[in-house]
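K.L.:
next one to model:
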Amino acid sequence: MLSGAQDGDVGLSSGAPDEVVEARRQSLVTGRWRYLRQCHGDGVVVLDPNEPCEGREADALVSTLPGAPLAVFSADCALIGLASPQGVVGAVHAGWRGLLAGVVEQAAAAMRALGAGEISAVLGACIAPECYEFAETDLEPIAARYGSSVRSRTSQGLPALDLRAGVRRSLEALEVEIVADWARCTACDPGWFSWRARKDKGRQALVVATAP
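P.N.:
Numbering: from 1, shown residues only. Model (predicted):
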């Protein structure tokens, strides 16, 4: 499940009363949402049955708990849902720092350690290169890891990062099949929250859960 601006802010800093945010979340996916304090790194939390995990710093959640919704939040970064036939699921938040740190690879490794065989992925909306000016010096290590496809240009012709291309390349290298891709730009499209384009404080969510 991927939320958008029309669903309201479901993140951690909306400023709305807790009961309002919780009502928004439950209207999207029922159950006790598990989520993290995202920190743009490579940390993965493997969810214990009694693990509330709220407040823990990491950028990916992995679980085998039936029906437990795993949520990651964003206002431009990539959100990735992972699933396997063995009932192991994951939710990943990947900005450029997390991507470069290897959070996608770490999440897939954690899933396979729990018995996942084939893994499939769903990609949420994220900022597109035409709106994502990026310094050449910062592009170099990302291109060195994920190839020249991450290099792009903004609508003004300036150097840009294609974050989605980097995520796709990381998944392809892991032999993870991408089964759905919301190829929308959070900055161009007002249907999404964007910090970079509009300084939105709101966050959309990607929520993954196994069947109860």
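K.L.:
which residue is nearest the centroid of the chain?
P.N.:
Leu79 (1.8 Å; CA atoms, centre = their mean).
K.L.:
check which helix or strand covers it.
P.N.:
Assigned by DSSP states H and E, Leu79 belongs to strand 78-83.
K.L.:
helices of the protein, residue ranges please.
P.N.:
Remark: helices assigned in the chain by DSSP state H are 18-28, 96-101, 103-113, 136-146, 163-173, 195-198.
K.L.:
which residues are in contact with the second one?
P.N.:
Which is helix 96-101. Residues outside helix 96-101 that contact it (CB atoms under 8 Å, 6 or more residues apart in numbering): 40-42, 59, 77-78, 134, 138, 141-142, 145-146, 161, 163, 166-167, 170. Glycine gets a C-beta too; all of them are placed from N, C-alpha and C.
K.L.:
separate out the buried members of these.
P.N.:
40-42, 59, 77-78, 134, 142, 146, 161, 163, 166-167, 170 (16 or more other CB atoms under 10 Å).
K.L.:
pick the one among those residues closest to Trp192.
P.N.:
Looking at the buried ones among the contacts of helix 96-101 and their distance to Trp192, the nearest is Cys77, at 11.5 Å (CB to CB).
K.L.:
low-confidence regions, the protein specifically.
P.N.:
For the chain, the stretches flagged by pLDDT under 70 are 51-52.
K.L.:
now do the strands in this structure.
P.N.:
Applying DSSP state E to the chain gives strands spanning 44-46, 60-63, 70-74, 78-83, 89-94, 120-123, 151-153, 159-161, 177-181, 204-208.
K.L.:
need those strands in TSV with distance to Arg34, can you?
P.N.:
As requested, the strands of the chain are arranged in TSV below (distance: least, CB to CB, whole Å):
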stretch	distance to Arg34
strand 44-46	8
strand 60-63	6
strand 70-74	5
strand 78-83	14
strand 89-94	9
strand 120-123	18
strand 151-153	34
strand 159-161	29
strand 177-181	22
strand 204-208	10
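K.L.:
which of the ones you listed sits closest to Asp189?
P.N.:
Of all the strands of the chain, strand 204-208 sits nearest to Asp189, with 11.3 Å by CB to CB.
K.L.:
chain center to that closest one: distance?
P.N.:
In this view, strand 204-208 has its centroid 8 Å away from the chain centroid, taken as CA atoms, centre = their mean, to the nearest Å.
K.L.:
ok, for Glu136, nearest residue in space, not its chain neighbours?
P.N.:
Pro159 (5.2 Å; CB to CB, 6 or more residues apart in numbering).
K.L.:
where's the closest residue to Gly115 other than its chain neighbours relative to Ala209, distance?
P.N.:
Closest residue to Gly115 apart from its sequence neighbours, by CB to CB, 6+ apart: Gln86 at 5.0 Å. Distance, Gln86 to Ala209, using CB to CB, to the nearest Å: 15 Å.
K.L.:
same check, this time on Val21
P.N.:
Taking CB to CB, one finds Val21 at 19 Å from Ala209.
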